[in-house]
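**Q** Sharing a model prediction with you, sequence too.
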Amino acid sequence: MIVMGLMSGTSMDGIDVALLELAGEDPHNLDWTLLAFRSVAYEAEQRQRLRSTIEEGNAEALCALHADLGEWLGEAARTVLEDSGVPPNDVAVLGSHGHTAWHRPPSPGRRGATLQLGDPATIAARSGVPVISDFRAADVAAGGHGAPLVPWADRALFSLPGCSRALQNLGGVGNVTWLPPRDAPEAPVAFDTGPGNGLLDAAARRATDGASDMDEDGAMAAAGVLVPELLESLLSHPFLAQAPPKSTGREAFGPALVADIAAGSGLRSGATDSGWNDLLTTLAEFTARSIGDAYRSWVLPLGTDEVILTGGGARNPELVRRIGEALAPVPVRIGPEALGMDPDAREAAAFAVLAWAHSRGHPANVPGVTGASGPRILGSWTPAPGRRRP
C-alpha cells in the first residue's frame with residue numbers, strides 16, 4: 001500500500017511531504033520503503049501570513065488561512081506525486097497534520113483544546129487522494145493532550161532489535177520518543193521536552209529585524225557569552241518540572257517569551273550590540289539543558305543506547321554540540337544513516353503511517369504518553385472526488 005504524509009511544523013519553514021510504501025498488516029512489524037520525500041519551503045509572504053495570523057489574527061483571518069493552507073498543502077502533495085511518477089489513484093490515503101494554530105493542554109478541571117489549520121477537502125480535491133486529518137481531536141476528547149502522536153508510528157518505523165533509542169525532535173518545540181527494542185513488551189515513552197529551535201529562531205528574527213528567520217549554522221549563539229541569571233530564570237519554568245504526560249507549544253516557548261526577555265534586557269530589534277549574541281547563547285544552552293534534564297528524569301533511567309536528533313535544530317551545530325554535552329556519555333547521532341531515511345522526513349512519514357492506521361482501524365494513540373482515557377482511532381476521513389472509501 002502506498003501512503004502519503006504532510007507536515008507543517010511550528011518552525012514554519014515549510015511543508016514536508018513523504019511518500020511511503022508499506023507492506024504487512026501488523027503495525028509492530030511493518031516493512032516500509034520511502035519512495036519520495038520533499039520539503040517545500042514556504043515563501044516569505046506565506047511564512048509571514050502564518051505567523052501574523054496565528055499570533056494576531058481574528059476569526060476571518062483564521063478562516064481564510066485555513067482555506068489557503070489547504071491549497072498550499074494540496075499543491076505540495078500534487079507536485080511530489082507528479083515528480084515521483086505515482087498516480088493519485090495508486091495512493092490509498094494521505095495523512096495531513098495541518099498547522100497548529102493553538103494548543104492548550106488539559107489542566108485540572110479543564111479539558112485540553114487543539115486546532116490545526118489546512119482544509120482537508122481542498123487537499124483532497126487538489127491532490128486526488130483521500131485525506132485523514134484532525135488527528136489530535138479524538139485523543140483530546142478522551143482527556144489526553146493530543147500530543148505527541150508520532151510515538152506509535154515511530155515504533156512501527158524505527159524500533160530496532162536489541163536496541164533502545166530516543167528520537168529527539170528539534171522543531172519549534174522539542175519532543176522525545178523513547179523506543180524499547182522491537183520485540184520488547186514495553187510501550188514507547190514520549191513527551192514534549194520544552195523548546196526545540198523556536199526560541200532561537202524567534203531571537204534571530206528580532207536580532208536581525210526580520211532579515212533572517214534563523215541563526216544560520218548557530219553562528220550567533222557560538223559568538224556570545226552565557227548569561228547565568230537568565231539561564232537560571234528560564235530553567236525555573238514550571239513546565240520543565242512537570243512529569244509526563246505533558247505537551248507544550250509556541251504559546252509557552254515562542255516569540256512572546258523572546259519579546260519579554262528582549263524588553264527586560266533593553267535589546268532593540270536590529271541592534272548590532274553583542275547582547276543579541278549573548279541571548280542566543282543562553283537560549284541555546286537553555287534548550288540543551290531542558291533536554292538533558294528531561295532525559296535524566298524520565299528517559300535515561302529506562303535504558304537508552306543512543307539518541308537520534310531530527311528536525312530543523314539538528315542543522316544547528318552549536319545547538320547539537322550543547323545537546324551532546326548535556327546527554328554525555330550517551331551517543332548522539334544525526335543524519336540519514338541514523339534512521340534509514342532523511343531525518344527531516346520523520347514526522348511526515350509518521351503521519352503517513354497514522355493515516356494507514358486509520359484506514360485499517362488501528363487505534364494509534366498511546367494513552368500512557370498522552371494521558372487519554374484509552375486507545376482511539378485517530379483522524380477524520382475526507383474523500384477525494386471520484387474515489388470511494390474502501
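**A** Happy to help now that I have it. Residues are numbered from 1 along each chain as shown.

**Q** so when I look at G95, I'm seeing a strand, right?
**A** Yes: counting by DSSP: H, G, I helix; E, B strand; the rest coil, G95 is found in a strand.

**Q** Now do the contacts for it.
**A** 3-6, 131-133, 135, 351-356, 358, 379 (C-beta atoms under 8 Å, 6 or more residues apart in numbering). To be clear about C-beta, it is placed using only N, CA and C from the backbone, and glycine gets the same treatment.

**Q** same thing but 10 Å
**A** Going by C-beta atoms under 10 Å, 6 or more residues apart in numbering, G95 touches 3-7, 18, 131-133, 135, 153, 348-359, 378-379.

**Q** Look up which residues are beta-bridged to it.
**A** Judged by DSSP bridges, the bridge partners of G95 are G5, I132.

**Q** Against H103, how distant is it?
**A** 18 Å (C-beta to C-beta, to the nearest Å).

**Q** what does C163 give?
**A** Applying C-beta to C-beta, the value for C163 to H103 is 32 Å.

**Q** between these two, who's got more neighbours?
**A** Taking other C-beta atoms under 10 Å, C163 and H103 do not tie; H103 has more neighbours (24 against 13).

**Q** would you say the more buried one is within a helix?
**A** No: applying three-state DSSP, one finds H103 to be strand, outside a helix.

**Q** Just confirm it contacts T248, I think it does.
**A** Yes: the pair H103 / T248 is scored as a contact, 7.9 Å apart, by C-beta atoms under 10 Å.

**Q** Give the residues shared as contacts by the two.
**A** Each of H145, A147, V173, D192 lies in contact with both H103 and T248 under the rule C-beta under 10 Å, 6+ apart.

**Q** So which of the residues you listed sit within strands?
**A** Members of those lying in strands (criterion: DSSP state E): V173, D192.

**Q** which of the shared contacts of H103 and T248 lies closest to T33?
**A** A147 (27.7 Å; C-beta to C-beta).

**Q** Look up phi and psi at that closest one.
**A** phi -170, psi 150 (degrees, to the nearest 10).

**Q** Return the residues in contact with it.
**A** Contacts of A147 (C-beta under 10 Å, 6+ apart): 100, 103, 105, 112, 114, 135-136, 139-140, 173, 175, 190-192, 245-249, 365, 369-370.

**Q** Now for V17: which residues touch it?
**A** Going by C-beta under 10 Å, 6+ apart, V17 touches 4-7, 36-40, 73, 76-81, 83-84, 94, 96, 127, 345, 348, 352.

**Q** swap in V3?
**A** Counting by C-beta under 10 Å, 6+ apart, V3 makes contact with 18-22, 32, 35, 91-95, 129, 132, 349, 351-357, 359.

**Q** go on, N29?
**A** A23, A156, S159, R182, D183.

**Q** Select only the buried ones of these in ChimeraX?
**A** Buried residues among the contacts of N29 (16 or more other C-beta atoms under 10 Å), as a ChimeraX selection:
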select :156,159
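
**Q** Which member of the contacts of N29 is positioned nearest G218?
**A** S159 (30.9 Å).

**Q** dump the residue contacts of the closest one.
**A** If you count contacts by C-beta under 10 Å, 6+ apart, S159 has them with H28, N29, R165, T177, L179, P180, P181, R182, D183, A184, P188.

**Q** at 8 Å what do you get?
**A** Going by C-beta under 8 Å, 6+ apart, S159 touches H28, R165, L179, P180, P181, R182.

**Q** What mean pLDDT does the longest helix seen in the chain get?
**A** For the chain, the longest helix by residue count, based on DSSP state H, is helix 59-84. Helix 59-84 shows a mean pLDDT of 97.
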